[in-house]
Structure formats: C-alpha cells, structure tokens
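**Student:** coordinates for the following, if possible.
(one chain, ligands or ions: 1)
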Amino acid sequence: MSHPPSSTPLPPGAAIGVLGGGQLGRMLALAAARLGFDTVVLTPEADSPAGRVAARTLVAEYEDADALAELAACTGVVTFEFENVPARAVAELQALTARVAPGPLALATAQDRVTEKRFFQAQGIGTAGFCPVDGPADIVAHLERLGAPALLKTRREGYDGKGQTWVEGARDAEAAFDRIGRAPAILEARVAFRRELSVIAARGWSGEIAAYPLTENQHEGGVLRRSIAPAQADAATHAAALKIARTTLERLDYVGVAGIELFETAEGLLVNEFAPRVHNSGHWTLDACEVDQFEQHVRAVAGWSLGPTTPFAAAHMHNLLGEAAEDWAALASDPAARLWLYGKREIEPGRKMGHVTRLSALG
Ligand code: AMP
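**Tutor:** I've put the predicted structure just below:
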C-alpha cells in the first residue's frame, strides 16, 4: 500500500484514529472536531468518555487485528491518548499506515521506567538515582547507595501513584516487593525537590517545536491535584526545561504533544517521567491559550503548522477527583470557574471526573 508523505497536511474531513477512550481522547476528539476532522476511537471500553463524542468507536482490545486494520483503513493518522498500548499493536499499526504518531520508539521508552531513565541519562539529562529490581535482593543490594526511604515503582503500567511504595529499610524489602505485586520494578532515590514542574511541548512532522510555559504541579498521594501556570521561574529554569523538551522530542523523533514531569532541586531540574501524549498538567491551556494542547496535538499529528503557545491569562487548574465532581452545580454557577466534566458514568474515589480552571491576569 502506498501512503502520502507524513508531512502532507491531512485535509479537514479526514479522520484521526485515537487509541484509548478516556478523558484525554474525549478532549482530543473535541479539538479535532473544531478543525473539521472526525475522530475514530479504538478502546476496549463500551460507552467510553472519548467514544461518546467521537464520530465512531471501535470497541475491541488494542491487539485485535481486525479492529487495527479497520482503524488504519478509515483514518489518515493514528495517535494515542494512552501510552500502555501493547508494542505488538503499535508495530501492527505501523505496518498498516505510515502515519502513526507518536511512534513506537517514544511509546517503548515511556512504557518502561528503567528504559525511560536510561534514555534520559544517555542524553545527559538528570534523573533520580535508580536501580532495576527483579526481586527483594536487588533492593537490599542498592538501598544503601540510593538511601532510605527509596521509592519502589513497577517498571510498567503504573500511573497516578499506583504500583508504588516507599521502602523504609532493608528489612522492608520483601514486604515492599509484595506490596507492588512482585512485578519487575525500579527503585528510585527519594528526590528532595523544591517543587514539581512540567513542560508540555509539541513537535511536528517537519521538526518544528513549540512549548508552553512551565507549569507548577502539586500532587497528593501520587495524583495531580492542581496546576499553576505559567510557573514563576527564572529565565535559566525556563531555558533548561525547554532544552530538556527539545532534546527529548528530537532524539525520539517525536510527533505530537508530550508532557515531561520535572523535579526542581537545588542542583537544577531532574526529569521524573515522560508522557507520550497530552497531559493532565496541560489542561489549563484549554482556557488560557489560543491554541490548547489538544488542538496542538491534532495539528502536529495531522501535519499542520503548530499554533502559538503564549498564554493570554494566568491559570489555576484543579482536578475534580471522585465525589468532588458532585459539586458541579455550584461550580457551574461560579462565573470565575471554567468547568470541564468528562462524562464518566460512575464516581469512584480518586477517579478523575473533571477539572476546573480559574483565570487571572498575567503577573
Ligand atoms: P510518578 O508516577 O512517577 O509520576 O510519581 C508520582 C508522584 O510521586 C510524583 O509526581 C512525585 O510527587 C512523587 N515521586 C515520584 N518519584 C519520586 C522520587 N524519586 N522522589 C520523590 N518523590 C517522587
């Protein structure tokens, strides 16, 4: 099969395929619709947040060969709102359609915390000290060098603080490994960060790069609670974050929007992790930027020029987790609150149900 070159802009009226059916896919579909694209979502979940606003949903497992073939056949580009898609599915898609963005290298790098840390260190970008862990003996062997307490995380499929536990000392090694389900893991030195920041950046097929200003993020229990943007930071910090983003996107030959989570320390910035997709800490751009991260991602993967990333307002975003979403009526009657609800049918404790952004004048 022959494909148009990836740099040929996808015309309005074409369809964009999205793997994953969550809120990120929903907001991508809304942005795509605004630019005249249809969205086709592939998700195992019937009645998903993204599926309910997409033109079409294929309800199937990510590795379902028929569903992948159908997705490739009816779309001009395929992208992701969820990075833990099996590598086999990504390889299969690449064989079916030239336009898969981001590509398999970026996904594979982000899917395994050890591969991810090694990638950053190979670029000369700092991370927490770490060691791979295949069993409690590895924890005992490296805890002294890394220092206790250290954070044990599953190598794969952890998110929002899931699959993570603190190891208090060598005597806790066995129990800690049990707590994360005895899965292959990484042990990370505890970073004494001043605060957490993130940079949301995009790269197009042509290599063009655009980054939003730094965001300051506050997590509780490993889950993002609120973001403040633009983060107050000196020019050197902004420049260092931009350099990290540029190096990462270029070395991964990345196309689309990515979120890079950073720790600000007394010695400078360290990378915590890299998300090969639009990112929760970029939701503020929906209300404070002319081109938000979702439209930017659609532009990038569709081969359009990237949009401006300069905010016209300062933003404070907070996530509505679990029953906090029951306050929707009060939030809707607050003229200062920009309310986004994800259409999830069931409220569960800690589940991301929506977010609220409040704008103020730029300082
Ligand atoms: P992660 O799932 O890796 O993004 O981790 C979730 C949150 O846990 C981060 O946003 C931090 O607040 C905290 N955290 C993760 N890794 C470390 C570390 N090495 N040292 C201190 N805190 C960490």
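**Student:** which strands or helices does the longest helix belonging to the chain pack on?
**Tutor:** When the chain is parsed with DSSP state H, its longest helix is helix 235-251. With contacts taken as 3 or more Cβ pairs under 8 Å, 6 or more residues apart in numbering; DSSP states H and E, helix 235-251 sits against strand 195-203, strand 209-211, strand 256-265, strand 268-275. Heads up, the C-betas are built off the backbone N, CA and C, glycines and all.
**Student:** tell me which residues in the shortest one are buried?
**Tutor:** It refers to strand 209-211. By 16 or more other Cβ atoms under 10 Å, the buried positions in strand 209-211 come out as 209-211.
**Student:** and those, which is closest to the ligand?
**Tutor:** Ala211 (19.6 Å; Cβ to the nearest ligand atom).
**Student:** neighbours around the residue nearest to that closest one when sequence neighbours are not counted, how many?
**Tutor:** Nearest residue to Ala211 in three dimensions, chain neighbours excluded: Ala201, at 3.9 Å (Cβ to Cβ, 6 or more residues apart in numbering). Look at Ala201: counted by other Cβ atoms under 10 Å, it has 27 neighbours.
**Student:** what's the spacing between Ala201 and the ligand?
**Tutor:** Distance of Ala201 to the ligand, computed by Cβ to the nearest ligand atom, to the nearest Å: 17 Å.
**Student:** try Ala175
**Tutor:** Separation of Ala175 from the ligand (Cβ to the nearest ligand atom): 20 Å.
**Student:** how far does stretch 261-275 sit from its chain's centre?
**Tutor:** 15 Å (Cα atoms, centre = their mean, to the nearest Å).
**Student:** how about residues contacting that stretch?
**Tutor:** 83, 109-110, 113, 116, 120, 125-128, 191-199, 217, 233, 237, 240-241, 244, 248, 258-260, 281 (Cβ atoms under 8 Å, 6 or more residues apart in numbering).
**Student:** so where's the stretch 101-250 of the chain uncertain?
**Tutor:** Residue ranges of the stretch 101-250 of the chain with pLDDT under 70: 159-161.
**Student:** all strands for it, in order.
**Tutor:** Counting by DSSP state E, counting those that start in this stretch, the stretch 101-250 of the chain has strands at residues 130-133, 150-154, 164-167, 185-189, 195-203, 209-211, 215-220, 223-229.
**Student:** one step back: ok, and which of the contacts of stretch 261-275 reach the ligand?
**Tutor:** With Cβ under 6 Å from any ligand atom as the criterion, those include 128, 191, 196 near the ligand.
**Student:** for the second one, what are its contacts?
**Tutor:** Right, Val191. 128, 263, 265, 270, 272.
**Student:** for these, work out which two are farthest apart.
**Tutor:** Thr265 and Asn272 (11.1 Å; Cβ to Cβ).
**Student:** just the CA atoms of stretch 127-141, as PDB, please.
**Tutor:** Included here for stretch 127-141 are C-alpha records, laid out as PDB according to Å, rounded to 0.1, in the frame of the first residue of the first chain:
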ATOM      1  CA  THR A 127      17.000  11.800  36.800                       C
ATOM      2  CA  ALA A 128      16.700  10.400  40.300                       C
ATOM      3  CA  GLY A 129      19.300   7.700  41.100                       C
ATOM      4  CA  PHE A 130      17.900   4.300  40.400                       C
ATOM      5  CA  CYS A 131      18.400   0.600  40.000                       C
ATOM      6  CA  PRO A 132      16.300  -2.100  38.200                       C
ATOM      7  CA  VAL A 133      14.700  -4.500  40.700                       C
ATOM      8  CA  ASP A 134      13.800  -8.100  39.900                       C
ATOM      9  CA  GLY A 135      13.400  -9.200  43.500                       C
ATOM     10  CA  PRO A 136      14.000  -8.200  47.100                       C
ATOM     11  CA  ALA A 137      17.700  -9.000  46.900                       C
ATOM     12  CA  ASP A 138      18.200  -6.100  44.400                       C
ATOM     13  CA  ILE A 139      16.500  -3.700  46.900                       C
ATOM     14  CA  VAL A 140      18.800  -4.800  49.700                       C
ATOM     15  CA  ALA A 141      21.900  -4.500  47.400                       C
END
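**Student:** list the buried ones in stretch 139-157?
**Tutor:** Using 16+ other Cβ under 10 Å as the test for burial, stretch 139-157 gives 139-140, 142-143, 146, 149-156.
**Student:** up against the ligand, what does this structure have?
**Tutor:** Counting by Cβ under 6 Å from any ligand atom, the chain comes close to the ligand at 128, 151, 158, 161, 188, 190-191, 196, 219, 222, 261, 272-273.
**Student:** which one of those is nearest Gly103?
**Tutor:** Using Cβ to Cβ, Glu273 comes nearest to Gly103 of these, at 18.6 Å.
**Student:** gap between that closest one and Ala329?
**Tutor:** Distance of Glu273 to Ala329, given as Cβ to Cβ, to the nearest Å: 36 Å.
**Student:** these two: which has the busier surroundings?
**Tutor:** More crowded of Glu273 and Ala329, by other Cβ under 10 Å: Glu273, with 18 against 7.
**Student:** and the pLDDT at the more buried one?
**Tutor:** Model confidence at Glu273, given as pLDDT, is 95.
**Student:** cool, the one 3 residues further on as well?
**Tutor:** The predicted local confidence for Pro276 comes out at a pLDDT of 97.
**Student:** residues contacting it?
**Tutor:** So Pro276 contacts 80, 83, 102, 106-107, 109-110, 252, 254, 256, 258 (Cβ under 8 Å, 6+ apart).
**Student:** tell me the helices in the protein, going along the chain?
**Tutor:** 23-34, 65-74, 87-96, 104-111, 113-122, 136-146, 173-179, 235-251, 285-288, 293-301, 328-332.
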